[in-house]
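Visitor: Fold the following, please.
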Amino acid sequence: MTIMTDFQQKISALLPNIELRLEEPMAKHTSFHIGGPVEVMAFPQNKEALREILKVSALLDCKPAILGAGTNILAPDEGIRGLIVCLKNCEDSLVQLDATHIQVSAGVSMARCAAFAANLGLSGLEFAHGIPGSVGGGVYMNAGAYGGEICQVCTQVEIMDLDGSSRTISGEEMAFSYRHSRLEDEGGIVVSATFSLVPKAADEIRSTMQELMCRRRNSQPLDMPSAGSTFKRPVGGYAAELIDRTGLKGYRVGGAAVSEKHAGFVVNLGGATSRDVQKLMEEVSCKVLAHTGIQLEPEVRIW
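Guide: Below you'll find the model as predicted:
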């Protein structure tokens, strides 16, 4: 029989009605398919359960990490001690508030959110249809693609702080910038977001979504494990273009490689470790800097 750690025993006793998984592999919850075991992973089904988890975490003096769909995360090979709260099944809610606004729970996928808006004949989230993450993660980092960003349509965000208290702030107060929001600096968990959209014929919206998805399939290695764009767009160019110009397509470290299809993606060829990916990112960044004079910054969140 596996011996539970002291933390596992305590949190299991204090949260008997919450789904908890002990020593759960992060590789099962990240699009990279990389990451060792988590001491405790909790799966709240609603806001009340999330609040209960946060209060118990405070009682145990444990600051939890928050996980959505895991599509922009590189998790450590050795695993993570402590608690991770996974929100991908929390409050599966999409609601039309009025003629132009929808409210969507954090755990809902960006693709499903965009499809929901399209079915209502509301335009503005077409860019999000191919983004693989969750609404919570998208709001947290101001996700974007093909000229669209969350900040363009997000008007209100419901937040839960780590003490379990809730608050609602405006899109302006989120201080969105490129792949960033104030929550990354101050903390806080996205519970739901309200989007302001524009009425448009549903078939036109779906046509745009299909066109963008076709462009994505043709240009990106969607058939291989990755975390999407590896580096942020630098001033003076595009990361993929700079990496390609430096001759690094296909460049490999262990089981990780720069995609042959899209140089902005690092892919897991099979059996890649977090160390492989990090070393590859470091070497690519150094070589691009030496070749172009431009410093690349990671877009992937390295845990």
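Visitor: from here on, contacts and neighbour counts on C-alpha atoms
Guide: Noted.
Visitor: which residues touch D77?
Guide: With contacts defined as Cα atoms under 8 Å, 6 or more residues apart in numbering, D77 is in contact with 34-36, 273-275.
Visitor: farthest pair in those residues?
Guide: Spanning the widest gap among those are G36 and R275, at 12.0 Å by Cα to Cα.
Visitor: still on that earlier bit, and the buried ones among the contacts of D77, selectable in PyMOL?
Guide: In PyMOL syntax, the buried subset of the contacts of D77 is picked out as below (16 or more other Cα atoms under 10 Å):
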select buried, resi 34+35+36+273+274+275
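Visitor: Just give me the closest of the contacts of D77 to V191.
Guide: Of all those, V191 sits closest to G35, with 25.3 Å by Cα to Cα.
Visitor: Could you list every helix and strand that the helix or strand where V139 lies packs against?
Guide: V139 belongs to helix 135-141 when assigned by DSSP states H and E. Applying 3 or more Cα pairs under 8 Å, 6 or more residues apart in numbering; DSSP states H and E, one finds that helix 135-141 makes contact with strand 101-105, helix 110-119, helix 183-186, strand 189-196.
Visitor: Show me the shaky parts of the chain.
Guide: 1-2 (pLDDT under 70).
Visitor: can you pull the contacts of S165?
Guide: Going by Cα under 8 Å, 6+ apart, S165 touches R51.
Visitor: again, but for Y140
Guide: Per Cα under 8 Å, 6+ apart, neighbours of Y140: 180-181, 183-184, 190.
Visitor: Just the buried subset of these, please.
Guide: 180-181, 183, 190.
Visitor: circling back to that earlier point, so which of the contacts of D77 would you say is closest to L248?
Guide: Taking the contacts of D77 together and measuring to L248 by Cα to Cα, the closest member is R275, at 18.6 Å.
Visitor: Nearest residue to A118 in space, please, no chain neighbours.
Guide: Of all residues not flanking A118 in the chain, A202 sits nearest, at 5.5 Å (Cα to Cα, 6 or more residues apart in numbering).
Visitor: What count of nearby residues applies to the one you found?
Guide: Using other Cα atoms under 10 Å, A202 is surrounded by 16 other residues.
Visitor: Quick check, it in contact with G124.
Guide: No: judged on Cα atoms under 8 Å, A202 makes no contact with G124 at a distance of 11.8 Å.
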